[in-house]
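*Asks:* please find the sequence and the predicted model below.
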Amino acid sequence: MRSGFLFLAVFTAACAGQKLAAPAPATAPPAAAPSVRPVTRSAPETVTVTVRDGELDRRVARLELHALEREAQVAELQTRLDDARDEVVRTMAKLQSLSSRAEAASGIAEAEVALGGLRGRTAAQADATEVSRLVQQASAEFNKSNFGGAFYLASQAKARTAAARGRLAGTATTPRAGEVTFAVPIRIKTISRGNVREGPGTNTAIAFAVESSASFTAFAMTDDWIRVVDDSGKSGWIFRTLVVKP
């Protein structure tokens with residue numbers, strides 16, 4: 001009996017020990033560290049802008065021709081100023097001479113004839129008005145016996161008439177679409193043999209051939225072509241790369 005009680009006590013203690021020494025929960029495996037993707041910096045993109053050489057070349061040519069136009073304007077004004085000085089010196093030297101009377105009368109007559117060629121021309125209306133004013137002033141000075149002044153004014157009238165006729169020769173044809181007329185005519189010359197055509201394009205007929213160093217007066221341009229008149233009065237269109245400033 002006593003040994004049975006002892007066995008029961010030992011069994012109970014063993015069971016209690018098992019409850020108190022319960023196995024520890026299994027430790028969770030450490031979380032894997034987050035993967036870090038290396039940051040790759042891409043090289044900056046290069047944007048390439050392609051400019052058509054032909055279009056850029058045309059723009060440069062237009063700027064060069066406009067520069068020539070401005071130079072021609074300045075040269076024309078300077079020429080008028082120089083001519084005016086020369087004429088004043090000449091006329092003042094002859095002011096009291098008998099020959100100045102004949103020169104003044106002849107100059108006025110020539111200016112009146114030249115004026116007749118400008119009247120009725122719409123494109124030369126401003127020139128005709130100015131030439132008419134100069135002729136009237138010349139006649140008034142002639143009547144005052146200021147033959148030097150009359151001759152000078154008559155010379156100015158003739159110079160203005162000549163300039164107007166040059167512009168009329170360059171604008172005799174109807175402007176084409178896109179054609180840009182120069183404010184004043186430009187003097188140019190050829191750098192090689194070539195052709196002057198009837199229109200601005202190689203698909204138009206050849207008007208006449210030219211040699212190197214041929215002189216022209218340019219009046220307008222469209223794209224790569226320049227409208228010109230040679231010294232004999234023949235007109236047409238020439239490609240811009242064939243000509244340069246004299």
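*Replies:* Right, received. Where do you want to start?
*Asks:* contacts and neighbour counts: CA atoms only from here.
*Replies:* OK.
*Asks:* so what's residue 213 up against?
*Replies:* 189-192 (Cα atoms under 8 Å, 6 or more residues apart in numbering).
*Asks:* just give the nearest non-adjacent residue to residue 110, would you?
*Replies:* In this structure, residue 110 finds its nearest non-sequential neighbour in residue 158, 7.4 Å apart by Cα to Cα, 6 or more residues apart in numbering.
*Asks:* if we can go back for a sec, compare the contacts of residue 213 and tell me which is most surrounded.
*Replies:* residue 190 (22 neighbours; other Cα atoms under 10 Å).
*Asks:* got the phi and psi for the closest residue to that one other than its chain neighbours?
*Replies:* Nearest residue to residue 190, sequence neighbours excluded (Cα to Cα, 6+ apart): residue 243, at 4.2 Å. Torsion angles at residue 243 (phi, psi; degrees, to the nearest 10) stand at phi -130, psi 160.
*Asks:* look up how far residue 119 lies from residue 243.
*Replies:* Distance of residue 243 to residue 119, computed by Cα to Cα, to the nearest Å: 35 Å.
*Asks:* the two: which is more packed in?
*Replies:* More crowded of residue 243 and residue 119, by other Cα under 10 Å: residue 243, with 21 against 15.
*Asks:* tell me the contacts of that one?
*Replies:* 188-191.
*Asks:* determine the longest strand present in this protein.
*Replies:* Determined from DSSP state E, the single longest strand within the chain is strand 180-190.
*Asks:* rewinding a little: can you count the residues close to the residue nearest to residue 110?
*Replies:* By other Cα under 10 Å, 22 other residues sit near residue 158.
*Asks:* part of a strand, is it?
*Replies:* No - with DSSP: H, G, I helix; E, B strand; the rest coil as the criterion, residue 158 is assigned helix and is not in a strand.
*Asks:* please report how far it lies from residue 133.
*Replies:* Residue 158 sits 12 Å away from residue 133, going by Cα to Cα.
*Asks:* cool, and residue 101?
*Replies:* Per Cα to Cα, residue 101 is found 20 Å from residue 133.
*Asks:* also residue 234?
*Replies:* With distances taken as Cα to Cα, residue 234 is found 32 Å from residue 133.
*Asks:* now the closest residue to residue 238 other than its chain neighbours: phi and psi?
*Replies:* Leaving aside its chain neighbours, residue 238 sits nearest to residue 196 (4.9 Å; criterion: Cα to Cα, 6+ apart). In terms of degrees, to the nearest 10, the main-chain angles of residue 196 are phi -100, psi 130.
*Asks:* show me how the protein divides into domains.
*Replies:* Following automatic domain parsing, the chain resolves into domains at 55-170, 180-244.
*Asks:* worst average pLDDT in these?
*Replies:* Among those, domain 55-170 carries the lowest mean pLDDT, a mean of 78.
*Asks:* burial check on residue 112, number of neighbours?
*Replies:* For residue 112, using other Cα under 10 Å, the count is 19.
*Asks:* surely it touches residue 135?
*Replies:* Yes - applying Cα atoms under 8 Å, one finds residue 112 in contact with residue 135, separated by 6.9 Å.
*Asks:* which stretches of this structure form helices?
*Replies:* 2-20, 53-93, 98-118, 125-143, 147-170 (DSSP state H).
*Asks:* which strands and helices lie in contact with the fourth one?
*Replies:* When you say that, I think you mean helix 125-143. With contacts taken as 3 or more Cα pairs under 8 Å, 6 or more residues apart in numbering; DSSP states H and E, helix 125-143 sits against helix 98-118, helix 147-170.
*Asks:* so for residue 65, which of those helices sits nearest?
*Replies:* Among the helices and strands packed on helix 125-143, the nearest to residue 65 by Cα to Cα is helix 147-170 (16.2 Å).
*Asks:* ok, the longest strand of the chain: who's next to it in the sheet?
*Replies:* When pairing is defined by DSSP bridges, strand 180-190 lines up against strand 215-222 (antiparallel), strand 243-244 (antiparallel).
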